[in-house]
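Trainee: Show me the folded form of this:
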Amino acid sequence: FEVTTPGVHTVNVWMREDGLIVDKLVLTTDAGFDPVAVFGDQGPPESPRVERELTAPEVFPNGGTFSADLAVSLTSLGDTIYYTTDGSEPTMSSNVYSGPFVLSETTTLKATAFNTTDGSRSPTTDAVFSRTACSDTRIMAVGDSITLGRDGNKNPDSGFRTSYRQDLFFSLVEAGSNIDFVGSLDDGELEIPVFDSEHEGRGGWRDDQVAANIFSWLFANPADIVLLHIGTNGLNSSAADVSNILDEVDRFSPDTHVVVAKIINRQTNSPLTSTFNSNVESMVLSRIAAGDNLSIVDMETALTYPEDLVDNLHPSASGFKKMADVWFSELSTLLPACAQ
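Mentor: As a prediction, this is how the structure comes out:
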């Protein structure tokens, strides 16, 4: 057939077909070009075939310890995944992965992606999950839409809002920590891979609103550790409302440890945010010196601005990952070791 470019040339296009697949195109501006004379009846020679290399499946979480039934997800690049839970090498007669499944005991999981047309296979992924008798540490993520997940990183539907919580969950489980995220809200439950998605991140809430409600949240869902990132909405320089939140946690239980975050800044730099953070830090350090069960982390300097935000207030996926890393670093010093 011919392709005409107005004002330029008429281009003759000759195709070699391999079944329904176009294997080779010859484009020429020579109207007298005869592909049969040049290539014979079969057209241009067949291109060399390159077989796609199958990649090993990913496992979420990638092993670790657990003390309650644990949901496990597998992913691959469009290939069919076969897996075993007895340590044996997967074959095309093994379990076919169709969605998250639950482990309830110590398990050696192996997973392989197969091309079901030609039987080729990927390398095998191994993950060891050890069930322990240790109790879980209950963690409550508290904050506003930054804790909820504004999902510049994905879908605006609440079922896909994961914030930093999904990354943090997998980091903790894969490090061998026995944890249970708690709260009355459940957002991110549709996200793959699945994770423990309960929290208390209230979109649009101010620190005074959290202070008025956190006691009832803890009463309904007691927590050993609270992760507190609050102050973005209704921002002012005072740390008084954050201090009121800490008073309410102490009223519930002085044994509950609160990790207070110096909040993230904005795409357009906000000196007021830095002032607020400085005042919060001074207040927290004063309370620690008086024996309060607290620690503080710096989220403001953990992010790169504006690259790690999707709008003036909310992190992108990279920003949420950096927040998760900061929480993880602090929790690694707080979570108890558990004998296997």
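
Trainee: Please report phi then psi for residue 284.
Mentor: Note on residue 284: its backbone torsions stand at phi -70, psi -40 [degrees, to the nearest 10].

Trainee: Run through the residues that contact the closest residue to residue 131 other than its chain neighbours.
Mentor: Nearest non-adjacent residue to residue 131, counting by Cβ to Cβ, 6 or more residues apart in numbering: residue 106, 4.9 Å away. All C-beta spots, glycine's among them, are computed from the backbone N, C-alpha and C. Residue 106 makes contact with 129, 130, 131, according to Cβ atoms under 8 Å, 6 or more residues apart in numbering.

Trainee: I'd assumed residue 65 was in contact with the last one.
Mentor: What it means is residue 131. Yes: assessed by Cβ atoms under 8 Å, residue 131 is found in contact with residue 65 at 7.4 Å.

Trainee: Quick one: the strands in the stretch 151-300 of the chain, in order.
Mentor: 179-181, 185-186, 198-201, 225-229, 257-262, 294-298 (DSSP state E, counting those that start in this stretch).

Trainee: which residues in the stretch 1-150 of the chain form strands?
Mentor: Counting by DSSP E, counting those that start in this stretch, the strands of the stretch 1-150 of the chain are 2-4, 10-18, 21-28, 58-60, 64-66, 70-75, 80-84, 95-96, 101-103, 107-114, 125-131, 137-143.

Trainee: returning to that earlier point: may I see the strands of the stretch 151-300 of the chain organised as TSV, with mean pLDDT and distance to residue 96 added?
Mentor: Converted to TSV, the strands of the stretch 151-300 of the chain look like this (pLDDT from 0 to 100; distance: least, Cβ to Cβ, whole Å):
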stretch	mean pLDDT	distance to residue 96
strand 179-181	95	30
strand 185-186	94	29
strand 198-201	97	30
strand 225-229	98	38
strand 257-262	98	42
strand 294-298	98	43
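
Trainee: Dump those strands to a markdown table, plus distance to residue 82.
Mentor: Formatted as a markdown table, the strands of the stretch 151-300 of the chain follow (distance: least, Cβ to Cβ, whole Å):
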| stretch | distance to residue 82 |
| --- | --- |
| strand 179-181 | 30 |
| strand 185-186 | 31 |
| strand 198-201 | 32 |
| strand 225-229 | 38 |
| strand 257-262 | 41 |
| strand 294-298 | 42 |
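
Trainee: So which of these is nearest residue 309?
Mentor: Proximity to residue 309 (Cβ to Cβ) singles out strand 225-229 among the strands of the stretch 151-300 of the chain, at 14.4 Å.

Trainee: Parallel or antiparallel, which strands does the closest one pair with?
Mentor: strand 137-143 (parallel), strand 257-262 (parallel) (DSSP bridges).

Trainee: sorry, back to before: where among the strands of the stretch 1-150 of the chain is average confidence lowest?
Mentor: When those are compared on mean pLDDT, strand 2-4 scores lowest, with a mean of 46.

Trainee: Among the contacts of residue 106, which one lies nearest to residue 311?
Mentor: Closest to residue 311, out of all of those and judged by Cβ to Cβ, is residue 129, at 38.5 Å.

Trainee: Which parts of the stretch 201-340 of the chain are helices?
Mentor: 207-220, 240-252, 271-289, 317-334 (DSSP state H, counting those that start in this stretch).

Trainee: Quick one: closest of those to residue 259.
Mentor: That would be helix 317-334 among the helices of the stretch 201-340 of the chain, by Cβ to Cβ, at 5.5 Å.

Trainee: and the closest one, what other elements does it pack with?
Mentor: helix 165-174, strand 225-229, strand 257-262, strand 294-298 (3 or more Cβ pairs under 8 Å, 6 or more residues apart in numbering; DSSP states H and E).

Trainee: Stretch 57-66: end-to-end distance?
Mentor: With Cα to Cα, to the nearest Å as the measure, stretch 57-66 spans 21 Å from end to end.

Trainee: Touching it from outside, list them.
Mentor: 70, 72-76, 81, 83, 97, 103, 109, 111-113, 122, 125, 127-132, 134, 169-170, 173-178, 193-195, 338, 340.

Trainee: Now the buried members of those residues.
Mentor: Neighbour-count burial within those applies to 70, 72-74, 76, 81, 83, 97, 109, 111-113, 122, 125, 127, 129-131, 134, 169-170, 173-174, 176-178, 193-195, 338; the criterion is 16 or more other Cβ atoms under 10 Å.

Trainee: Tell me which residues touch residue 95, please.
Mentor: Neighbours of residue 95 in contact, by Cβ under 8 Å, 6+ apart: 82, 83, 84, 85.

Trainee: nope, residue 261 is what I was after
Mentor: Contact partners of residue 261, counting by Cβ under 8 Å, 6+ apart, are 227, 228, 229, 296, 297, 298, 299, 326.

Trainee: Just send the helices and strands packed on helix 317-334 back as a markdown table, with distance to residue 183 too.
Mentor: Output for the helices and strands packed on helix 317-334, formatted as a markdown table (distance: least, Cβ to Cβ, whole Å):
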| stretch | distance to residue 183 |
| --- | --- |
| helix 165-174 | 10 |
| strand 225-229 | 10 |
| strand 257-262 | 15 |
| strand 294-298 | 19 |
